[in-house]
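[1] how does the following fold in three dimensions:
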Amino acid sequence: MRDDYLKAALKLIDDPNILVNVVSRRVKQLRRGHRPLVESLEKLSAEDTALREIMEGKISYELATPEMLARR
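    The predicted model follows:
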């Protein structure tokens, strides 16, 4: 995983635990065959692709609220 991508993504998702969860979920999607949301001239790992998607604003997240959890 590229350190510069990680630092840039941490500026957007400042909680490392949330960042790990977002990247992990996206990596699983990419490995299942989902197409990357960013183009790259270099060959990137799934982890680096997920970080680039976050950096470029292609991936976001929403924390569950108590109301959302109560609906389940």
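
[2] so the spatially most central residue of the chain: helix, strand or coil?
    The residue lying closest to the centre of the chain (C-alpha atoms, centre = their mean) is residue 23, at 3.6 Å. Under DSSP: H, G, I helix; E, B strand; the rest coil, the three-state class of residue 23 is helix.

[3] so it touches residue 52, yeah?
    No: with contacts counted by C-beta atoms under 8 Å, residue 23 stays clear of residue 52, the gap being 10.7 Å. C-beta here means a position set from N, CA and C on the backbone, and glycine is covered the same way.

[4] separation between the residue nearest to the centre of the chain and residue 66?
    For residue 23, the distance to residue 66 equals 26 Å [C-beta to C-beta, to the nearest Å].

[5] against which helices or strands is the helix or strand containing residue 29 packed?
    Using DSSP states H and E, residue 29 sits in helix 16-31. Helices and strands touching helix 16-31, by 3 or more C-beta pairs under 8 Å, 6 or more residues apart in numbering; DSSP states H and E, are helix 3-12, helix 46-55.

[6] coming back round to it: so what's the residue nearest to the residue nearest to the centre of the chain when sequence neighbours are not counted up against?
    Leaving aside its chain neighbours, residue 23 sits nearest to residue 50 (4.6 Å; criterion: C-beta to C-beta, 6 or more residues apart in numbering). Residue 50 makes contact with 22, 23, 26, 27, 30, 59, according to C-beta atoms under 8 Å, 6 or more residues apart in numbering.

[7] what's the answer for residue 40, then?
    49, 52.

[8] that one and residue 30, how far apart?
    Distance of residue 40 to residue 30, given as C-beta to C-beta: 12 Å.

[9] need the residues touching each of those two.
    When contacts are counted by C-beta under 8 Å, 6+ apart, residue 40 and residue 30 are jointly contacted by residue 49.

[10] closest to residue 7 among the contacts of residue 50?
    residue 23 (13.5 Å; C-beta to C-beta).

[11] about what we covered before: pipe the contacts of residue 50 into a markdown table and attach pLDDT and distance to residue 9 per row.
    As requested, these are exported to a markdown table (pLDDT from 0 to 100; distance: C-beta to C-beta, whole Å):
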| residue | pLDDT | distance to residue 9 |
| --- | --- | --- |
| 22 | 97 | 9 |
| 23 | 98 | 8 |
| 26 | 98 | 11 |
| 27 | 98 | 13 |
| 30 | 98 | 15 |
| 59 | 94 | 9 |
